[in-house]
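**Q** pasting a predicted model and its sequence here:
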Amino acid sequence: MTQYHLYNRPNRELKQKSDIDAILNKGKFAVISMCRNNEPYIVTLSYGYDSEKKTLYFHSAKNGLKLDFINSNKRVCATVIEDGGYITDKCEHEYKSVVFRGDMQIVNDIDEKKHGMNILLHHLEKKDSIIEEKLIRSYDSYSKMEILRLDIKQIHGKAGR
């Protein structure tokens, strides 16, 4: 795979896996860019991060534009940003971000769909009672939705102020 030099300011690069994982663990939304037949598409999705597998899980309706793009080209580029805000009178911005590339898969296995939904809910919610209430138990419910899995192949982090 081609290596990209993403940063002209290497002093801002986050090199520790723990720093990158912290951004992915804290974030709630990923911006996903896709392409098919030279046509770009971008979408923002809530996610759950499985740090052991280096994957992000998303849920989706059974059809729609993002699924059309994924079926045409599974390669995606995405970012998660921790925005600390613009610092007035300093002409600076406080942020941490990760940019990653990987393959987006539509999960078909029911056990992995359940795993993905469990990861997603535990990532977004903190109260066990809410998670328990929202966990989907029936096969029929899973058959009416898609679970997407983004397998991270390459990732870079950056922080600045």
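**A** Yes, it's here.
**Q** quick one: residues contacting Asp109.
**A** Listed by CB atoms under 8 Å, 6 or more residues apart in numbering, the contact set of Asp109 is empty. Heads up, the C-betas are built off the backbone N, CA and C, glycines and all.
**Q** again with Arg101
**A** Counting by CB under 8 Å, 6+ apart, Arg101 touches Arg75, Val76, Cys77, Ala78, Ile152, Lys153, Gln154, Ile155.
**Q** what of Tyr95?
**A** Ile81, Glu82, Asp83, Gly84, Ala159, Gly160, Arg161.
**Q** quick check on those: which are buried?
**A** For the contacts of Tyr95, a burial check counting by 16 or more other CB atoms under 10 Å picks out Ile81, Ala159.
**Q** now the contacts of Tyr95 in CSV, with distance to Asn11?
**A** Output for the contacts of Tyr95, formatted as CSV (distance: CB to CB, whole Å):
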residue, distance to Asn11
Ile81, 19
Glu82, 18
Asp83, 20
Gly84, 18
Ala159, 10
Gly160, 9
Arg161, 11
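**Q** now, the contacts of Tyr95 that are in strands?
**A** Judged by DSSP state E, those include Ile81, Glu82, Asp83, Gly84, Ala159, Gly160 as members of strands.
**Q** specify which member of the contacts of Tyr95 is nearest to Lys66.
**A** Nearest to Lys66, judged by CB to CB, of those is Ile81 at 19.7 Å.
**Q** list the helices and strands the lengthiest helix in the chain packs on?
**A** Scanning the chain for the helix with the most residues, using DSSP state H, yields helix 110-124. With contacts taken as 3 or more CB pairs under 8 Å, 6 or more residues apart in numbering; DSSP states H and E, helix 110-124 sits against strand 48-50, strand 55-60, helix 128-134, helix 139-143, strand 146-160.
**Q** what's the fourth one in contact with?
**A** Outside of helix 139-143, the residues that reach it under the criterion CB under 8 Å, 6+ apart are Ile110, Lys113, Lys114, Met117, Ile136.
**Q** can I get these in TSV with distance to Lys53, neighbour count and pLDDT?
**A** Formatted as TSV, the contacts of helix 139-143 follow (distance: CB to CB, whole Å; neighbours: other CB atoms under 10 Å; pLDDT from 0 to 100):
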residue	distance to Lys53	neighbour count	pLDDT
Ile110	18	12	88
Lys113	15	22	91
Lys114	15	17	87
Met117	15	21	89
Ile136	20	16	62
